[in-house]
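Asks: sharing a sequence plus its predicted fold:
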Amino acid sequence: MTLVRSGDHVARREALADPVARYERMYEIRRFEERVNDLFAQGLIHGTTHLCAGQEALDVSLALELRATDIVTATYRGHGIALALGMPATDVLAEIMGKADGCTGGVGGSMHLCEPDVGLLPTFAIVGAGLPVAAGAALAFQTRGEDRVAVAVFGDGAANIGAFHEALNLAAVWKLPVVFVCDNNVYAEYSRIDLTTPLTDLHRRAGSYDIPGVPVDGMDVDATRAVLREAVSRARAGEGPTLVEAKTYRFAGHSRADQATYRPEGELERWRERDPLVLARAALVAGGAATEDDLAGLEKAVDEDLDAVAEAVAAGPDPTPAAMFRNIWAVAA
């Protein structure tokens, strides 16, 4: 039985301790994103969407190594992180579809997911904006003596802006309990990294701030988990920040409108050979944790649950205009 429709954040998070459940969550994220793409094409999702297909191993690995009291700042490509951290698919999809039952009442949409109960701060539409916020949260944890860690997840394009350098510099000087995770998926919007950046191994930039910089195969859930475990443990022990560079690849274009015609011939196909779901599935079967039939049954159950989620969310209530003002605060003169 899957936990796709479960509203129990804790149960969804704790389930990831089982390797089969980790694969299930990765599969759920992939199929969720495919449904988002379909719903957008049907005119049921407005604005735009940024899909994370291909990057599921990083999302699940991060959720595995964090506590619910830790916090994460993420980008507009954050659906997978939200699901991995424990948000139920109903809450995420309702927000993306602009429904009142969404995690922010349907007023944030695809790019602005938030759930304090799982440690997800509002996801950012501004490139790199989450880095200084994560550093600020880490400073608060340090100042208050709290046993908590902040994580900033950002793309390779953000490594070229001022907020990246300022956040790493501040965190290094004050040894803040923060982990900087660069999801290097080769492209910053439509620009390939080797056309915009003088080095493609972005973890090397950590040397400028005298902090560890660690690369990892972001398509491998076990390898990524091991690196993140060390980085999170180091931050929690008061030893300061780490820059982790997860080498990933987005299978979709930058956004819903992008067909990614700028990709070199054969590049997508080569990366699909390293599909994190294919790798994780093969490892489970080879290690005897599950059979092909077991996983086929699991996948069928997830597909059926996501069909039910999409149907229920589409029939859900729309927010009223008053929802726009629900979380606005004013200070009396």
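Replies: Noted; the coordinates are in hand.

Asks: so Arg225, which state does it fall into?
Replies: Under DSSP: H, G, I helix; E, B strand; the rest coil, the three-state class of Arg225 is helix.

Asks: for the stretch 201-333 of the chain, just list every one of the strands.
Replies: Assigned by DSSP state E, counting those that start in this stretch, the stretch 201-333 of the chain shows strands spanning 213-217, 242-247.

Asks: of those, which is nearest Leu51?
Replies: strand 242-247 (17.0 Å; Cβ to Cβ). The way it works is simple: take the backbone N, C-alpha and C, and place the C-beta from them, glycine included.

Asks: quick one: the closest one to strand 213-217, angle?
Replies: With axes from the mean of the first three to the mean of the last three Cα atoms, to 10 degrees applied, the angle from strand 242-247 to strand 213-217 works out at 30 degrees.

Asks: where in the protein is pLDDT low?
Replies: For the chain, applying pLDDT under 70 flags the ranges 1-2, 5-7, 333.

Asks: neighbours of Ala308, just the number please.
Replies: 14 (other Cβ atoms under 10 Å).

Asks: and if you look at Ala68?
Replies: Applying other Cβ under 10 Å, we find 16 residues neighbouring Ala68.

Asks: so where do the helices sit in the stretch 151-300 of the chain?
Replies: For the stretch 151-300 of the chain, the helices defined by DSSP state H, counting those that start in this stretch cover 162-174, 193-196, 221-236, 267-272, 276-286, 292-314.

Asks: just the CA trace of the shortest one, in CSV.
Replies: Translated: helix 193-196. The C-alpha trace of helix 193-196 is given here as CSV (Å, rounded to 0.1, in the frame of the first residue of the first chain):
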residue,chain,number,x,y,z
ILE,A,193,27.1,25.5,-18.2
ASP,A,194,30.2,25.4,-20.3
LEU,A,195,29.1,28.4,-22.2
THR,A,196,28.5,30.6,-19.1
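
Asks: buried residues of it, list them for me.
Replies: Ile193 (16 or more other Cβ atoms under 10 Å).

Asks: go on, stretch 251-262?
Replies: Across stretch 251-262, burial judged by 16+ other Cβ under 10 Å covers 251-256.

Asks: mind checking the end-to-end distance for it?
Replies: Using Cα to Cα, to the nearest Å, one end of stretch 251-262 lies 13 Å from the other.

Asks: number of nearby residues for Gly266?
Replies: When neighbours are defined as other Cβ under 10 Å, Gly266 has 8 of them.

Asks: what does it show for phi and psi?
Replies: Main-chain torsions, Gly266, degrees, to the nearest 10: phi 90, psi -10.

Asks: which residue lies nearest the spatial centre of the chain?
Replies: Central residue of the chain (Cα atoms, centre = their mean): Ile81, 2.8 Å from the mean position.

Asks: so which of the helices of the stretch 151-300 of the chain is nearest Glu65?
Replies: Nearest to Glu65 among the helices of the stretch 151-300 of the chain is helix 221-236 (4.6 Å), distances taken as Cβ to Cβ.

Asks: got the contact list for the closest one?
Replies: When contacts are defined by Cβ atoms under 8 Å, 6 or more residues apart in numbering, helix 221-236 is touched by residues 22, 26, 56-58, 60-62, 64-66, 70, 138, 147, 149, 151, 176-179, 181, 212, 214, 216-218, 240-242, 244, 246, 276, 279-280, 283.

Asks: having no further points to raise, I will conclude here.
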